[in-house]
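In: This is the structure alone, sequence omitted:
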């Protein structure tokens, strides 16, 4: 029996793509982006940073190893949608406990397969990330475009995915205690710190500086997360008040928040960085690392002038800022993901540097 095409992808510029639905059977509007990772679709699906985004996977075969209970990056996946070339609903993996489609249906995440993802990705690279509607084939294009023009992507992504209350993740052999500001933090970041003897107290994104100080932490971690960093002024103000008081480490959105708190500026990239193959150069050592990335915004290098921050890393693909630091304030941050998941682990040593800062050995990131 030949399956009929039943789903349609409509971009706000009028482009249309047709395919077959999997996961949740629902209509949605979100921002379309692409990810170049060759593996790790489960971690991508469960990364809170993809909230309100439809992810086009450039690797053609998705779903073939199923979903494993231990590999989720959050308890409640919030990605907007997933678009793939070929979807495998019969995984072969002894760790698999569910198919990708079953998990997407459970969390009300729509998917489309059978799409020419190479052509779609080129469109995103040429014209940039933009709004997209995933709907049924019967939806009239003119009406869909009208709704796309009128729709605004919500600016509440961080509050949607941040923890609702304080949670403690104890290390087996505690060395230090870290207060982690949760802007949409991945589980792998907590795991990376726990393995180093860091007990992590995760606090909501809008927690005040006074409340964090009352916890008497040894260090502050500012997490990754979705959306525009300018949408979380409360977090920026909290970080501004804590800088210089404690060793501080930020990743991805946390890197942007720290930069804004120090007086720098951010801007939106044409189509962002998403994948596990981004080369980043350490300006101090000349060493090049292959990194895992997922972000739409970047720090304006010129805006660092006049702040206490200096750039420490650059992206070799487009020369965007990939890291900053201020030795005097014991603060550093990177735009990429040192915990990987998915991706290479070239940069996981940065968690060791954070630990060293709390030991009083300084910041040489």
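Out: Arrived safely. Quantities reported herein were computed from a predicted structural model and do not represent experimental measurements. Residues are numbered from 1 along each chain as shown.

In: can you give me the helices for the stretch 1-150 of the chain?
Out: Secondary structure of the stretch 1-150 of the chain (DSSP state H, counting those that start in this stretch): helices located at 41-45, 100-106, 117-127, 141-150.

In: can I see the domain layout of the protein?
Out: 7-153, 158-358 (automatic domain parsing).

In: Which stretch among these is buried most, on average?
Out: domain 158-358 (a mean of 20; mean count of other CB atoms under 10 Å). For the C-beta atoms, the positions are set from N, CA and C on the backbone; glycine is no exception.

In: For the most centrally placed residue in the chain, give its distance to residue 350.
Out: Nearest to the geometric centre of the chain sits residue 49, at 3.4 Å (CA atoms, centre = their mean). Taken as CB to CB, to the nearest Å, the spacing of residue 49 relative to residue 350 amounts to 18 Å.

In: Make JSON lines from the domains of the chain and add mean pLDDT to it.
Out: Below are these laid out as JSON lines (pLDDT from 0 to 100):
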{"stretch": "domain 7-153", "mean pLDDT": "97"}
{"stretch": "domain 158-358", "mean pLDDT": "97"}
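
In: ok, now which ones touch residue 351?
Out: If you count contacts by CB atoms under 8 Å, 6 or more residues apart in numbering, residue 351 has them with 192-193, 196, 198, 249, 338-339.

In: Look at residue 190 and give its secondary structure.
Out: helix (DSSP: H, G, I helix; E, B strand; the rest coil).

In: picking up where we left off before, which ones are touching the residue nearest to the centre of the chain?
Out: Shown in contact with residue 49 (CB under 8 Å, 6+ apart): 184, 186, 224-226, 252-253, 294-295.

In: which pair in these spans the largest distance?
Out: Farthest pair in the contacts of residue 49 (CB to CB) is 186 and 295. Separation: 13.0 Å.

In: What segments of the stretch 251-365 of the chain are helices?
Out: Counting by DSSP H, counting those that start in this stretch, the helices of the stretch 251-365 of the chain are 253-261, 349-358.

In: which one of those lies closest to residue 343?
Out: helix 349-358 (13.8 Å).

In: Quick check: residue 247 touching residue 222?
Out: No: applying CB atoms under 8 Å as the test, residue 247 and residue 222 come out as separate, 11.8 Å apart.
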